[in-house]
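*Asks:* Mind looking at a prediction? Sequence and model below.
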Amino acid sequence: MPLLTLHDIRKRFDAHYALRDINLSLEAGQILCFLGPSGCGKTTLLRIIAGLEKEYSGSVSVQGVHIDEEPPHTRGFGLMFQDYALFPHMNVWDNVAFGLRMHKTGAEVENERVADMLRLVGLEDFASRKIQELSGGERQRVALARSLAPEPRLLMLDEPLAALDRSLRERLARELRQILKKVGVTAIFVTHDQAEAFAIADKVAVFHDGRLLQNDSPQRLYSHPTSIQVAEFLGFKNIVPASVLQDGTLLTPLGTFPVPPGTNKRAPGMTPSLLFRPEGAQIATPMQEATAEQIQLTGQVESCTFLGHVYQTEIKMAEGIMFRFLLPTYPSAPKIGEKLRLILPAEACVVLDSDQRPG
Ligand SMILES: Nc1ncnc2c1ncn2[C@@H]1O[C@H](COP(=O)(O)OP(=O)(O)OP(=O)(O)O)[C@@H](O)[C@H]1O
């Protein structure tokens, strides 16, 4: 049975729906990321789960038991916010011990748990430091130690890395996953940064305008985004409209393509979109033809940027459509103005459905 289940959650602020029909579940020990642009409802959903937001429809269950009527402090959940909310007048030890003291766990448990948590986050030598004397990354680790100390059955982290600079965020994202996995805590992590979500999560739930669009592993999400909104949010560019012909093939402005392997056929007349993934394309040699497992595209090189391991190449396709591919750095750089024939594995194509927006 999942640890957490959300059933048909809806939340309205006046006439505006902040959340619509959210259904999802989370297994014990999993890290789930809520990913989506600002205002899509991530924090509101976190507040509903935490019990801080009372007015909503639908239900929140833990191991099959509805907890909608339970006050926040009896849910056994931990929360860590972007600003960490550390107590500046207390030292590191007292900050980490705070939750345990609230639960009146006693000195022996406190000494053991706080020492364990400081060791876990690599701050065992910082116990008597004041919060003002810590770097941003160290504060983040104190906040994490504090929220893990009472052994929450679910830990929720709202943009905990947002205040840090880019390189520190990347390192701390990796560290954060290692620590959460070491403890085995079930966690929900909110972010609007796709790279952060991929680095930390077992599952990523993508939100847009109050709706849950897709909930999958980072690998699955990247290889099989199901809608244009998800694909665009993940940064994919090479998307064209398609219409399904009588034989099930997909007619696009760039030609007709077979349904990619492992993809359900859409009914004739439907109008999905087709994404061509940027990696995996090869420049065809003059005699080379695409096999049955490959597709072919042609276009003219508009720009070419050396990224070290690949050339990011902008290619003007039929009807002036601009695509971007990551091409190998050998045998030579694509030349601006050159006409190229590209061969891609059939899996490089992904069928995207339009976002359904009922009601
Ligand atoms: N107390 C409130 N009263 C009215 N509208 C609200 C309130 N709280 C949130 N909203 C609205 O609900 C929507 C979702 O907000 P929410 O804070 O959940 O988004 P978010 O995805 O967490 O955004 P961000 O990444 O900027 O924190 C937004 O349109 C927001 O303006």
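*Replies:* Structure's in. What do you need?
*Asks:* from here on, contacts and neighbour counts on C-alpha atoms
*Replies:* Noted.
*Asks:* burial of Glu302, as a residue count?
*Replies:* By other Cα atoms under 10 Å, 19 other residues sit near Glu302.
*Asks:* What pairs with the one helix or strand it maps to, parallel or antiparallel?
*Replies:* For Glu302, the element it lies in under DSSP states H and E is strand 294-306. If you go by DSSP bridges, strand 294-306 pairs up with strand 310-316 (antiparallel), strand 339-345 (antiparallel).
*Asks:* mind checking which of the ones you listed is nearest the ligand?
*Replies:* Within the strands paired with strand 294-306, the stretch nearest the ligand is strand 310-316; the backing value is 30.2 Å (Cα to the nearest ligand atom).
*Asks:* Give the buried residues for that closest one.
*Replies:* Of the residues in strand 310-316, those with enough neighbours to count as buried (16 or more other Cα atoms under 10 Å) are 310-316.
*Asks:* Reformat the residues you listed into CSV and put distance to the ligand next to each item.
*Replies:* CSV is the format used below for those (distance: Cα to the nearest ligand atom, whole Å):
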residue, distance to the ligand
Val310, 33
Tyr311, 33
Gln312, 30
Thr313, 32
Glu314, 32
Ile315, 34
Lys316, 35
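*Asks:* which of those residues sit farthest apart?
*Replies:* Using Cα to Cα, the pair of the buried residues of strand 310-316 lying farthest apart is Val310 and Lys316, separated by 18.6 Å.
*Asks:* Could you give the number of residues near the residue in the stretch 101-250 of the chain positioned nearest to the ligand?
*Replies:* Closest contact between the stretch 101-250 of the chain and the ligand, by Cα to the nearest ligand atom, is at His192 (6.3 Å). Residues lying near His192 (other Cα under 10 Å) number 20.
*Asks:* Am I right that it is in contact with Pro37?
*Replies:* Yes - taking contacts as Cα atoms under 8 Å, His192 lies within contact range of Pro37: 5.4 Å.
*Asks:* residues shared between the contacts of those two?
*Replies:* The overlap between the contact sets of His192 and Pro37 (Cα atoms under 8 Å, 6 or more residues apart in numbering) is empty.
*Asks:* Could you tell me the model confidence score at Tyr222?
*Replies:* Here, the pLDDT recorded for Tyr222 equals 92.
*Asks:* What is the burial count for it?
*Replies:* Residues near Tyr222, counting by other Cα under 10 Å: 17.
*Asks:* before we move on, what about Leu168?
*Replies:* Other residues within reach of Leu168 by the criterion other Cα under 10 Å amount to 12.
*Asks:* Mind listing what's buried along whichever strand or helix holds it?
*Replies:* Assigned by DSSP H and E, Leu168 belongs to helix 166-183. The neighbour-count criterion (16+ other Cα under 10 Å) identifies 169-170, 172-173, 175-176, 179-181 as the buried residues of helix 166-183.
*Asks:* measure stretch 77-88 end to end?
*Replies:* 23 Å (Cα to Cα, to the nearest Å).
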